[in-house]
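> quick one: sequence plus predicted model below, questions after.
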Amino acid sequence: MNAAVQKALATGAERHVVIRPTKGLFDLEMGNVWRYRELLHTLMMRDIQVLYKQAALGAAWAIIQPVFAVVVFTVVFGNFAKMPSDGIPYPIFAFAAVLPWTYFAEATRRASTGLVDDADLVRKVYFPRLIIPLAKVSAPLLDFAIAFCVLLIMMAFYGIMPSVKLLAIIPLIMVAGTLALAIGLWLGPINVRFRDVKHTVPFMLQIGMYASPIVYPLSQVPAEWKALYSLNPMVGVIEGFRWAVFERGSPDFVALGIGLLVVLALLLGGLVWFKNQERSFADVI
Amino acid sequence: MDKDIAISVRGLGKRYVRNAGRKHNSLRDMLGDKLATLATLGLKRKQKEYFWALTDASFEIRKGENVGIIGLNGAGKSTLLKVLSRIVTPTAGEAHINGRLGALLEVGTGFHQELTGRENTFLYGAILGMSRTEVEAKFDAIVDFAEIREFIDTPVKRYSSGMYVRLAFAVAAHLDPDILLLDEVLAVGDAAFQRKCMTFARSLEKKGSTILFVSHNMYSIKTMCQRVIYLKKGKVVFDGPTAEGLKLYEDDSRMKDAHWFWSDDDERPIRFTSGTIESSAGVDSGVIAHGDRLTIRLRYSTTRRIMAPDVRVSIDRQDDTHCLTFSSKQDGTDIPWIEGEGELVIQTPPLKLTSDFYVANVAVREKGVGKLLAAQIIAHFHVSDPDLGSLSYGVFNEPGAWRHTPVMPANDADAPPPMLAIAATR
């Protein structure tokens, strides 16, 4: 046995485990999640590998979905409704927003139903359950990366020079992913008990899409509503994306700041809630 | 804690809410229920119904020990393994685990149908707690053990169930745990593979691994474990030598429901109240000779008239190989109906079963093909024969008539063996 295996064995092994009934309210066992990081990676790879198996068009779906959405938006909102788009050609204006939204929507949907989708694992194998929503929000990042290439092509078509600002989409998409994770932490355990969540999430995402500046610019939102509107963390993310892609002054720090606070609060609450529900998953799933 | 102890369990208990999760599977059901409670002003508030799947279990298992866990359905065997493998959280007590623990509660949990054998090997390895480098290092050994090298890049949904199980077990077998929890996994796969698994389990034993083994398969328990823990209604009722524990279990399991029979109705239209097996060794001796005729007597009691029942007595080997069935209908005995109490007697032809451990079950269907009304264990018995072991002779042995005719080479000086006829002597 080589050294690498020995090391792996040593890290994977838990020498002494004590099993007891109750855990503290704030014992999040983050060290345990870290110990199982290989499983996180494997489950994420599984979700990626499985997604487009036996689909004739394969990963092309990652492009088709957002592109079709943008075509529809351009025809309906850009041409018929003459929606203003801050002077930017409507197709790329919409695409810059549809890109993070598609990722967020997919990640949220999967994180919320993930525990039930992997019910046989939850019933039969021990691992920190937090691994599941984490893997679920990570897997759609690949789709995002593929669709991002379309954005680059569109930028070239419209003669928009990419600048250093474009790098800002990395932290921005992480905010979107964290938000999806936080929502998944809240809804996942509820879905274990009530499968209604599965039907509610697509519907909530539909509403969320119109509550975010995707088909219209943030400048169209009445000023007195803007603070309330910015409670939706995706507002800051989407506006940030547009800032990163187009020639604009500065990102909307207010919207982003409010959004970040909301994400953080949701995440911390979600972690505590999830950990407290975790112990009964195998009993009721 | 003593260094030689692998598992130490003190006062361990698990309480479930009856029908948890099933009662309200949608929000609407729950709201409806809450409204009903409100309507009665909360006076008739339903008490949550609890039941203890496991109560006050205490035992210690030393390193290198193989322990079988036996008990009827719902005795708490699987709950115990689930608590020890940390899938469910206990309600009371505590357990200490010393060493790397591998739990195999169901072979192939986590396999993904769309992925290839190779991809699933890594996935399943990770699920069982192996690192990627570890699986890589053992990959060839795993594939060889599973005997599926040419299919390793085929999606597992195209595998036969045998291949599927072999791959899953192969991965799990290479986990190299200090403590292995096994639940019924050996009850799958063909006989040859089962033997391989048993050999593997014994090699683990030689390496000093501790194995905790839940099974209905008394044969595997007997060959693998020196000690058994017998659970009854969530309590440890026996903890000691295998032979003694199995005897206790055998006495308790008489006329109980067969482990594959599931019925939710409490009221059964028919129950067998007693069953005996008589052979040349006497009544219920527990041992019969190869080729014995059996007389099986069954007393029944019904709560209603059962029309045209098909009563089936079957004999299964303890690795769940179904050996034979006597069916009243197939055997040409028409019973128009049964009602009240009565006795059925089956006289069997000489049974040429090979030497092994068997269970006789009785099952009843109404009108031959209707719902299964009862399925009960009649008794366990050994077939004893010094020569005819089931490993080399299969399920049945009937002697054949042999003839040996060597082709004689021309002008050969060496005397050829004479023509030989071996007659059946048995």
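Cool, the structure landed. Residues are numbered from 1 along each chain as shown, chains lettered A, B, ... in the order given.

> going by C-alpha atoms from here, please, whenever you check contacts or count neighbours.
Noted.

> which intervals of chain A have sub-threshold pLDDT?
By pLDDT under 70, the low-scoring segments of chain A are A:1-15, A:22-28, A:54, A:249.

> which parts of it are helices?
A:3-12, A:30-35, A:37-51, A:61-73, A:90-117, A:119-124, A:131-138, A:141-157, A:169-193, A:196-210, A:226-229, A:233-245, A:253-278, A:281-284 (DSSP state H).

> same question for the stretch 301-426 of chain B.
B:390-393 (DSSP state H, counting those that start in this stretch).

> also chain B?
Under DSSP H, chain B gives helices at B:27-39, B:77-84, B:117-128, B:132-146, B:161-173, B:191-206, B:218-224, B:242-253, B:390-393.

> which one of the helices of chain A lies closest to B:A363?
helix A:119-124 (31.3 Å; C-alpha to C-alpha).

> picking that back up, A:I63 is nearest to which of the helices of chain B?
helix B:117-128 (25.6 Å).

> so who does the closest residue in space to A:L166 that isn't next to it in sequence touch?
Counting by C-alpha to C-alpha, 6 or more residues apart in numbering or on different chains, A:A244 is the residue found nearest to A:L166 once chain neighbours are left out, at 4.7 Å. Shown in contact with A:A244 (C-alpha atoms under 8 Å, 6 or more residues apart in numbering or on different chains): A:S163, A:K165, A:L166, A:L167, A:A168, A:I169.

> show me which of these are buried.
Using 16 or more other C-alpha atoms under 10 Å in any protein chain shown as the burial test, these include A:I169 as buried.

> quick one: pLDDT of the residue nearest to the spatial centre of chain B?
Nearest to the mean C-alpha position of chain B, counting by C-alpha atoms, centre = their mean, stands B:H216 at 3.7 Å. Listed pLDDT for B:H216 reads 72.

> wait, it touches B:G68, no?
No - using C-alpha atoms under 8 Å, B:H216 is not in contact with B:G68; the gap is 10.0 Å.

> tell me how many other residues crowd the residue nearest to A:P128 when sequence neighbours are not counted.
Of all residues beyond its chain neighbours, the one nearest A:P128 is A:V33 (5.9 Å), with distances taken as C-alpha to C-alpha, 6+ apart. Burial of A:V33 is recorded as 18 neighbouring residues (other C-alpha atoms under 10 Å in any protein chain shown).

> where do the strands of the stretch 251-400 of chain B begin and end?
Using DSSP state E, counting those that start in this stretch, the strands of the stretch 251-400 of chain B run over B:270-279, B:282-283, B:287-289, B:295-302, B:306-307, B:310-317, B:322-327, B:337-338, B:341-347, B:356-365, B:372-384.

> JSON lines for these, including mean neighbour count and mean pLDDT?
Below are the strands of the stretch 251-400 of chain B laid out as JSON lines (neighbours: other C-alpha atoms under 10 Å in any protein chain shown; pLDDT from 0 to 100):
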{"stretch": "strand B:270-279", "mean neighbour count": "20", "mean pLDDT": "90"}
{"stretch": "strand B:282-283", "mean neighbour count": "13", "mean pLDDT": "84"}
{"stretch": "strand B:287-289", "mean neighbour count": "21", "mean pLDDT": "87"}
{"stretch": "strand B:295-302", "mean neighbour count": "17", "mean pLDDT": "93"}
{"stretch": "strand B:306-307", "mean neighbour count": "18", "mean pLDDT": "88"}
{"stretch": "strand B:310-317", "mean neighbour count": "21", "mean pLDDT": "92"}
{"stretch": "strand B:322-327", "mean neighbour count": "15", "mean pLDDT": "92"}
{"stretch": "strand B:337-338", "mean neighbour count": "15", "mean pLDDT": "90"}
{"stretch": "strand B:341-347", "mean neighbour count": "13", "mean pLDDT": "93"}
{"stretch": "strand B:356-365", "mean neighbour count": "22", "mean pLDDT": "89"}
{"stretch": "strand B:372-384", "mean neighbour count": "22", "mean pLDDT": "86"}
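
> using JSON lines, lay out those together with distance to B:K63.
Output for those, formatted as JSON lines (distance: least, C-alpha to C-alpha, whole Å):
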{"stretch": "strand B:270-279", "distance to B:K63": "41"}
{"stretch": "strand B:282-283", "distance to B:K63": "42"}
{"stretch": "strand B:287-289", "distance to B:K63": "34"}
{"stretch": "strand B:295-302", "distance to B:K63": "44"}
{"stretch": "strand B:306-307", "distance to B:K63": "54"}
{"stretch": "strand B:310-317", "distance to B:K63": "31"}
{"stretch": "strand B:322-327", "distance to B:K63": "36"}
{"stretch": "strand B:337-338", "distance to B:K63": "55"}
{"stretch": "strand B:341-347", "distance to B:K63": "48"}
{"stretch": "strand B:356-365", "distance to B:K63": "29"}
{"stretch": "strand B:372-384", "distance to B:K63": "32"}
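
> B:V156: which of those strands is closest?
strand B:322-327 (27.2 Å).

> please state the offset of the closest one from the chain centre?
Relative to the centre of its chain, strand B:322-327 is centred 18 Å away, using C-alpha atoms, centre = their mean, to the nearest Å.

> in its sheet, what does it sit against?
The pairing partners recorded for strand B:322-327 under DSSP bridges are strand B:310-317 (antiparallel).

> and the strand it pairs with, C-alpha only, in CSV?
Output in CSV follows, covering the C-alpha atoms of strand B:310-317 (Å, rounded to 0.1, in the frame of the first residue of the first chain):
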residue,chain,number,x,y,z
ASP,B,310,-54.3,-23.6,-2.0
VAL,B,311,-52.2,-24.7,0.9
ARG,B,312,-48.5,-24.7,0.1
VAL,B,313,-45.7,-26.2,2.2
SER,B,314,-42.3,-25.1,1.0
ILE,B,315,-38.8,-25.9,2.1
ASP,B,316,-36.2,-23.2,1.7
ARG,B,317,-32.5,-23.7,2.4
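
> ok, A:V150 - contacts?
Contacts of A:V150 by C-alpha under 8 Å, 6+ apart are A:I63.

> that one and A:S85: what is the separation?
20 Å (C-alpha to C-alpha, to the nearest Å).

> burial count for the closest residue to B:I229 other than its chain neighbours?
Among residues not flanking B:I229 along the chain, B:D239 sits closest, at 4.4 Å (C-alpha to C-alpha, 6+ apart). Residues within reach of B:D239, counting by other C-alpha under 10 Å, total 17.

> pretty sure B:D239 sits against B:Q226.
No - using C-alpha under 8 Å, B:D239 is not in contact with B:Q226; the gap is 10.9 Å.

> can you give me the pLDDT of the closest residue to A:R20 other than its chain neighbours?
Nearest residue to A:R20, sequence neighbours excluded (C-alpha to C-alpha, 6+ apart): B:E94, at 4.8 Å. Here, the pLDDT recorded for B:E94 equals 90.

> wait, B:E94 sits on B:V9?
Yes - if you go by C-alpha under 8 Å, B:E94 and B:V9 touch, sitting 6.1 Å apart.

> of the helices of chain A, which is nearest B:A103?
Each of those was scored for nearness to B:A103 using C-alpha to C-alpha, and the closest is helix A:119-124 (8.8 Å).
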